[in-house]
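**Q** from the sequence below, what's the structure:
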Amino acid sequence: MPATAPTLTWQMTALRQVVAPTDPQSVLDTVALCVGDVTRWEVKSSAAGYVELGPIAASATPNVRLLIAFGVNAAQVHAPHTDVAGVLYMGIAPDGGTLGDPFGAGAPYGVARWSGYWRLTGDIDGGQDADQVFCIGSDEVLSLWFEEAASDDWFGGVGGPIILGPTDADGDGGAGSLGRVYGMCVSGSTLINGTFWNSTLQFTSSGGGNDDPVVGVFEPGAPATFSDVDRYAMTILAAPRQITAGGTQVSFPVGVFLENAPLNYVGVYRQMRFATDGRMRTIIQDSGAVDKSYWVSGATLSDGDVWSFDQG
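**A** Have a look, this model is predicted:
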């Protein structure tokens, strides 16, 4: 039977302005404020240089933790990324546990599953400001988005049980799997390109360079192993593409597979789908003015390919 992981309900927060856009700590403080705007997520702990995030206790996956940090230890940065002082990083611990040292050479949750860190932003104190921040969150999955306002450039990432397997047995085998596969998808310091569906080297795919977008999951069948995945390539037709003759906007599931042999199929992103064309932070509503989708794209000022966070 199909996987029984629940339908997610997304919430998009307002934009928050960063007080000091070239200061990683100021950006991190704004992340904490944005997460406080998401009903189903909260700050679990924080100190200088890091914030630990997790779903509220009533969530079906209450133990998952996302660490957002800068100045991290090189030993904990997962390839292909490397340590850069002014970059915000994301790491995921699906089973949580007691947080140790987020900056140490050892895994911060000890023996618990830990992804290592990947780059979530550009070099904030090295020329890529983060002027504005917002979140799109749900009961189990959280995404963070950062804008360099002058150039309207966007960075960000998604973490949690982001992939839905075909059946419950196709989850990653860890606690609370039931068809869920835990992982994270980050932009690195590469811009979220306005035509990212045209290329398997763009956002939601795994590149091989220090600046590249990358996606990883805890492998189904080997849940202690965190491995890169890639999405299937897509052929895009001429505009208006995914719009019906009656004007209905349509989005499509995105499948992913393991990069390492065997190249097993993993599943589809959970209610995060392919759509075109649109702009960052567009809201799609039904005839009753009910929010149906929140759009992530490469710019707020021009149309491009869309990563659509869909309600149901």
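**Q** could you use CA atoms for every contact and neighbour count after this?
**A** Fine.
**Q** kindly export the helix or strand of the chain at the bottom of the mean pLDDT ranking (C-alpha atoms) in PDB.
**A** One helix or strand of the chain scores below all others by mean pLDDT, DSSP states H and E: strand 272-278, with a mean of 89. The C-alpha atoms that make up strand 272-278 are tabulated as PDB, following Å, rounded to 0.1, in the frame of the first residue of the first chain:
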ATOM      1  CA  MET A 272       7.500  20.100  -3.100                       C
ATOM      2  CA  ARG A 273       6.900  20.100  -6.800                       C
ATOM      3  CA  PHE A 274       7.900  21.400 -10.200                       C
ATOM      4  CA  ALA A 275       6.000  24.300 -11.700                       C
ATOM      5  CA  THR A 276       6.600  27.200 -14.100                       C
ATOM      6  CA  ASP A 277       6.600  30.200 -14.400                       C
ATOM      7  CA  GLY A 278       6.600  32.500 -11.400                       C
END
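**Q** low-confidence stretches in the stretch 51-200 of the chain?
**A** 175-176, 200 (pLDDT under 70).
**Q** hmm, back to that, following the least confident helix or strand of the chain, which helix or strand comes up?
**A** Next in sequence after strand 272-278, counting helices and strands by DSSP states H and E, comes strand 283-285.
**Q** partner strands of whatever helix or strand comes next after that next one, parallel or antiparallel?
**A** Following strand 283-285 in sequence order, the next helix or strand is strand 291-296 (DSSP H and E). Paired strands of strand 291-296, with direction, are strand 283-285 (antiparallel), strand 304-310 (antiparallel) (DSSP bridges).
**Q** out of these, which is closest to residue 171?
**A** Nearest of the strands paired with strand 291-296 to residue 171, taken as CA to CA: strand 304-310 at 21.1 Å.
**Q** strands of the stretch 151-300 of the chain, residue ranges please.
**A** 153-164, 180-186, 214-218, 226-231, 255-258, 265-269, 272-278, 283-285, 291-296 (DSSP state E, counting those that start in this stretch).
**Q** could you dump those into CSV with mean neighbour count added?
**A** Listed next are the strands of the stretch 151-300 of the chain as CSV, based on neighbours: other CA atoms under 10 Å:
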stretch, mean neighbour count
strand 153-164, 26
strand 180-186, 29
strand 214-218, 27
strand 226-231, 22
strand 255-258, 19
strand 265-269, 22
strand 272-278, 23
strand 283-285, 15
strand 291-296, 22
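**Q** redo those as TSV? Include distance to residue 117.
**A** Shown next, in TSV, are these (distance: least, CA to CA, whole Å):
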stretch	distance to residue 117
strand 153-164	12
strand 180-186	10
strand 214-218	11
strand 226-231	11
strand 255-258	19
strand 265-269	21
strand 272-278	22
strand 283-285	31
strand 291-296	23
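**Q** closest to residue 193 out of those?
**A** strand 153-164 (8.5 Å).
**Q** next, the angle from that closest one to strand 291-296.
**A** Here the directions of strand 153-164 and strand 291-296 differ by 130 degrees (axes from the mean of the first three to the mean of the last three CA atoms, to 10 degrees).
**Q** nearest to residue 292, of the strands paired with strand 291-296?
**A** Residue 292 lies closest to strand 283-285 among those, at 5.1 Å (CA to CA).
**Q** before we move on, back to that, buried deepest among the strands paired with strand 291-296, which one?
**A** Compared across the strands paired with strand 291-296, strand 304-310 shows the largest average neighbour count, a mean of 26 (mean count of other CA atoms under 10 Å).
**Q** report the angle between that strand and strand 272-278.
**A** 140 degrees.
**Q** neighbouring contacts of strand 304-310?
**A** Residues outside strand 304-310 that contact it (CA atoms under 8 Å, 6 or more residues apart in numbering) are 10, 194-197, 251, 271-280, 292-298.
**Q** also stretch 66-79?
**A** 24, 28, 49-54, 82-93, 102-107, 115-118, 159-160, 210.
**Q** mind checking which of these are buried?
**A** Buried subset of the contacts of stretch 66-79 (neighbour count, 16 or more other CA atoms under 10 Å): 24, 28, 49-54, 82-84, 86-93, 102-103, 107, 115-118, 159-160, 210.
**Q** can you flag which of the residues you listed belong to strands?
**A** Among these, the members falling in strands (DSSP state E) are 50-54, 89-93, 118, 159-160.
**Q** let me know the closest of those to residue 214.
**A** Nearest member of these to residue 214, counting by CA to CA, is residue 118, at 8.1 Å.
**Q** does that closest one touch residue 90 like I think?
**A** Yes. The criterion here is CA atoms under 8 Å, and residue 118 meets it with residue 90 at 5.4 Å.
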